[in-house]
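**Student:** Structure for the following, please:
(chains A and B)
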Amino acid sequence: MAKHERPSSRPGAGRYAFAPRNRADLLRLGAAGAAVAAVAGAFAYTGGWLSPQRLTQARVVDRFERVNGLHAGFRRNHAKGVCFTGVFDSNGAGARLSEAAVFAPGRTPVFGRFALAGGQPYGADGPKAVRSLAINFALRDGEVWRTGMNDIPVFPVRDVRGFYEQLAASRPDPATGKPDPARMRAFLAAHPETARAMALIKAQPAPSGFADATYNSLDAFRFTNAAGATTPVRWSLTPEDAFQPEAPGGVKARDGNYLFDALAARLKTGPARWRLVVTIGRPGDQTDDPTTPWPADRTRLEVGVLSVDRLEDEARGPCRDVTFDPLILPAGISPSDDPILSARSAAYAQSFTRRAGEPAAPPAVRVPAAQISGAQVSGAQGDR
Amino acid sequence: MSRSNRFPAVSHALHWAMAAMILAMLFIGVGMVTSPGDYHRLVTVHRPLGAAILVLVAVRLLNRRFNPPPPLPGDMPLWMKAAAHGSHVALYGLMFAVPLAGWAMLSAGGYPVVLYGPLHLPPIAPHMALLYAALRQAHTALALLLFAAFLAHLAAALAHALVFRDGVFESMAGRSGSKRSRTSRS
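**Tutor:** Model prediction:
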């Protein structure tokens, strides 16, 4: 170090000079610069700045906006909905599978959301619309469980890439208002799992409303009990109201919100109830593929009853300013290896971040009586 | 070669533990928001790691009062000393601000702030969508600033180690009992 010392007549400059004095200095300066550049480069790579083709959650949500148009303030998927409040009464049977407090005998307050799949907040209700039920369980120890369920038997895609491509394939052609059949055929040829799932979805008769629909978790999860034993599970909400098949024809004359109106009318006669039924997987049952149902003989365990007491519209209700991220889970419930779960979690966060900063327009579904008739646009994603 | 020219062992340990945690955290952060498949795995680490950093930076600030850093070499130019001081103020400020913004953002978004299993933190901000949106942007902006401050810190450390060779780097990088120390030119 001594050789770099300058005469004391020049205090303050000396060794604190960047200008290289010889080849070795130059190398050292270069090494320092290269090290800093390498860290910055690794950071840029990790953040996707160097790989514009990476399928990020932002690109998934961008595609929703391209397919459905931008509807500021609304969820990018399941855009049209209404809030509810109610309770979940556990019968205690679930405690042998999961230590989550929600499965101990007793009552858990809930709120949630009924919605139609698809990104059109003012789209007209229709018999083929996929219905969803999302729930927030506020557990007594301060934990939260959220689940978003659909009334289809299986999910149409099994990974985020399939989801992204299906969105493009099902985009309505501006000329016909319907998806281009050739693109859909090409997509299904490349994704036989989606073709199989669509066949199962179409084979299930559509219910007439929200209250007589069965809602399914679709994705698999893991329950862990107090002894530490883990079980693969899926769950469903099966209605106490009798299933009424959609009456053939006669839908055209209906109001654009007829499904939501019928639900509101139904709740005027008393709470609507669903049994929460856990399907217990066996070792070897596939947990990473939501397009494939488990064999029909799997044990089903009823763990409690959901009572939906009251509707509130999204402008006032508790459901708008949260995400029904399926990976908001209490201890005792954990994700399976299903890749759709993490992708849903990521995409919901992205959608929430965008809509939370936008001015919220009034929702199509108003409670109690005011009706805004929706534009007669059918959602690109939401039909079975 | 007095002991006061080296960082004490506890400061040394805090610095290097936090350096590893914060660098990992910054990479996890930018990686998770662009990787839907790994999002959940990463966010599950991100939250408790952020909470740990927040606790440690408070411990570290306290430690700094009891174990002040050794003085910079007397012949260091004034502007360089000012830059060193300013960058440390920025680093400390951001080490507090980034995790606090993250915690407040989750609170405002109505998310439970889960650390591990049933262990969770209480909300520190009202549940309000607009506030969530603002804090979500702030969390990212502050984290990028922290990364920039880290790069500046790394560049300065390497300049001390390789270009100036004045012992400043060794006062933190050497083993805490090492013989190297900041050389003073008074």
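
**Student:** Okay, strands next: where are they in chain A?
**Tutor:** A:80-90, A:106-116, A:131-138, A:144-150, A:215-216, A:221-224, A:230-239, A:272-280, A:300-312, A:333-335 (DSSP state E).

**Student:** Please identify the buried residues of the third one?
**Tutor:** Read that as strand A:131-138. Applying a neighbour-count criterion of 16 or more other CB atoms under 10 Å in any protein chain shown, the buried positions in strand A:131-138 are A:Arg131, A:Ser132, A:Leu133, A:Ala134, A:Ile135, A:Asn136, A:Phe137. Quick note: C-beta positions are derived from backbone N, CA and C, even for glycine.

**Student:** of these, closest to B:Tyr132?
**Tutor:** Out of the buried residues of strand A:131-138, the one with the shortest distance to B:Tyr132 is A:Asn136. That distance is 15.9 Å, counting by CB to CB.

**Student:** starting at the chain centroid, how far to the helix or strand hosting B:Gly86?
**Tutor:** Using DSSP states H and E, the secondary-structure element containing B:Gly86 is helix B:78-108. With CA atoms, centre = their mean, to the nearest Å as the basis, helix B:78-108 stands 8 Å off its chain's centre.

**Student:** And stretch A:36-54, by the same measure?
**Tutor:** 28 Å.

**Student:** Check stretch B:128-142 too.
**Tutor:** Mean C-alpha position of stretch B:128-142 versus that of the full chain (CA atoms, centre = their mean) differs by 20 Å.

**Student:** Let me see the residues that make contact with that stretch.
**Tutor:** Stretch B:128-142 is contacted by residues A:320-321, A:352-353, A:355-357, A:360, B:33, B:94, B:97-98, B:101-102, B:104-105, B:108-110, B:125 when judged by CB atoms under 8 Å, 6 or more residues apart in numbering or on different chains.

**Student:** how about the strands of chain A, which one is nearest chain B?
**Tutor:** Proximity to chain B (CB to the nearest CB) singles out strand A:144-150 among the strands of chain A, at 4.2 Å.

**Student:** ok so, going back, reformat the strands of chain A into JSON lines and put distance to A:Trp49 next to each item.
**Tutor:** Formatted as JSON lines, the entries for the strands of chain A read as follows, by distance: least, CB to CB, whole Å:
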{"stretch": "strand A:80-90", "distance to A:Trp49": "35"}
{"stretch": "strand A:106-116", "distance to A:Trp49": "35"}
{"stretch": "strand A:131-138", "distance to A:Trp49": "34"}
{"stretch": "strand A:144-150", "distance to A:Trp49": "31"}
{"stretch": "strand A:215-216", "distance to A:Trp49": "39"}
{"stretch": "strand A:221-224", "distance to A:Trp49": "34"}
{"stretch": "strand A:230-239", "distance to A:Trp49": "38"}
{"stretch": "strand A:272-280", "distance to A:Trp49": "43"}
{"stretch": "strand A:300-312", "distance to A:Trp49": "42"}
{"stretch": "strand A:333-335", "distance to A:Trp49": "28"}
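
**Student:** Please name whichever of those is nearest to A:Ala40.
**Tutor:** With CB to CB as the measure, strand A:333-335 is the member of these nearest A:Ala40 (33.3 Å).

**Student:** partners of the closest one, with directions?
**Tutor:** Partner strands and pairing direction for strand A:333-335 (DSSP bridges) are strand A:221-224 (antiparallel).

**Student:** which residues touch the strand it pairs with?
**Tutor:** By CB under 8 Å, 6+ apart, the residues outside strand A:221-224 that reach it are A:94, A:97-100, A:230-235, A:278, A:287, A:329, A:331-336.

**Student:** Let's see that with 10 Å instead.
**Tutor:** Where contact means CB atoms under 10 Å, 6 or more residues apart in numbering or on different chains, the residues beyond strand A:221-224 that reach it are A:94, A:96-100, A:103, A:147, A:229-235, A:278, A:280-281, A:287, A:303, A:326-327, A:329, A:331-338, A:341, B:117.

**Student:** same thing with stretch A:41-56?
**Tutor:** Counting by CB under 10 Å, 6+ apart, stretch A:41-56 makes contact with A:58-59, A:62-63, A:159-161, A:163-165, A:343, A:346-347, A:350, B:23, B:26-37, B:39, B:144, B:147, B:150-151, all of which sit outside it.

**Student:** Among the residues you listed, which lie within helices?
**Tutor:** A:58-59, A:62-63, A:160-161, A:163-165, A:343, A:346-347, A:350, B:23, B:26-32, B:39, B:144, B:147, B:150-151 (DSSP state H).

**Student:** Give me the buried entries from the contacts of strand A:221-224.
**Tutor:** Buried members of those, counted by 16+ other CB under 10 Å: A:94, A:96-100, A:103, A:147, A:231-235, A:278, A:280-281, A:287, A:303, A:326-327, A:329, A:331-336, A:338, A:341.

**Student:** can you pull out the helices in chain A?
**Tutor:** Listed from the start of the chain, chain A has helices (DSSP H) covering A:23-46, A:57-68, A:160-169, A:181-190, A:192-203, A:258-268, A:339-356.

**Student:** Need these in JSON lines (columns: mean pLDDT).
**Tutor:** Formatted as JSON lines, the entries for the helices of chain A read as follows, by pLDDT from 0 to 100:
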{"stretch": "helix A:23-46", "mean pLDDT": "95"}
{"stretch": "helix A:57-68", "mean pLDDT": "95"}
{"stretch": "helix A:160-169", "mean pLDDT": "94"}
{"stretch": "helix A:181-190", "mean pLDDT": "94"}
{"stretch": "helix A:192-203", "mean pLDDT": "96"}
{"stretch": "helix A:258-268", "mean pLDDT": "95"}
{"stretch": "helix A:339-356", "mean pLDDT": "97"}
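
**Student:** The ones you listed: which one's closest to A:Val308?
**Tutor:** helix A:258-268 (6.8 Å).

**Student:** How far does that closest one sit from its chain's centre?
**Tutor:** Relative to the centre of its chain, helix A:258-268 is centred 24 Å away, using CA atoms, centre = their mean.

**Student:** Spatially central residue (nearest the centroid) of chain B, please.
**Tutor:** Within chain B, one residue has its C-alpha closest to the average C-alpha position: by CA atoms, centre = their mean, that is B:Met95, at 4.5 Å.

**Student:** Hmm, it is touching B:Arg64, no?
**Tutor:** No. At 12.0 Å, B:Met95 does not count as touching B:Arg64 under the criterion of CB atoms under 10 Å.

**Student:** Taking helix A:339-356 as reference, get the angle to the helix holding B:Gly86.
**Tutor:** Taking axes from the mean of the first three to the mean of the last three CA atoms, to 10 degrees, helix B:78-108 and helix A:339-356 form an angle of 100 degrees between their directions.

**Student:** Report all helices and strands that the next helix or strand after helix B:78-108 contacts.
**Tutor:** Following the chain from helix B:78-108 toward its C-terminal end, the next helix or strand by DSSP H and E is strand B:113-116. Applying 3 or more CB pairs under 10 Å, 6 or more residues apart in numbering or on different chains; DSSP states H and E, one finds that strand B:113-116 makes contact with helix B:39-66, helix B:78-108, strand B:119-121.

**Student:** could you redo the ones you listed as CSV and give each row mean pLDDT and distance to chain A?
**Tutor:** Shown next, in CSV, are those (pLDDT from 0 to 100; distance: least, CB to the nearest CB, whole Å):
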stretch, mean pLDDT, distance to chain A
helix B:39-66, 97, 4
helix B:78-108, 97, 6
strand B:119-121, 96, 6
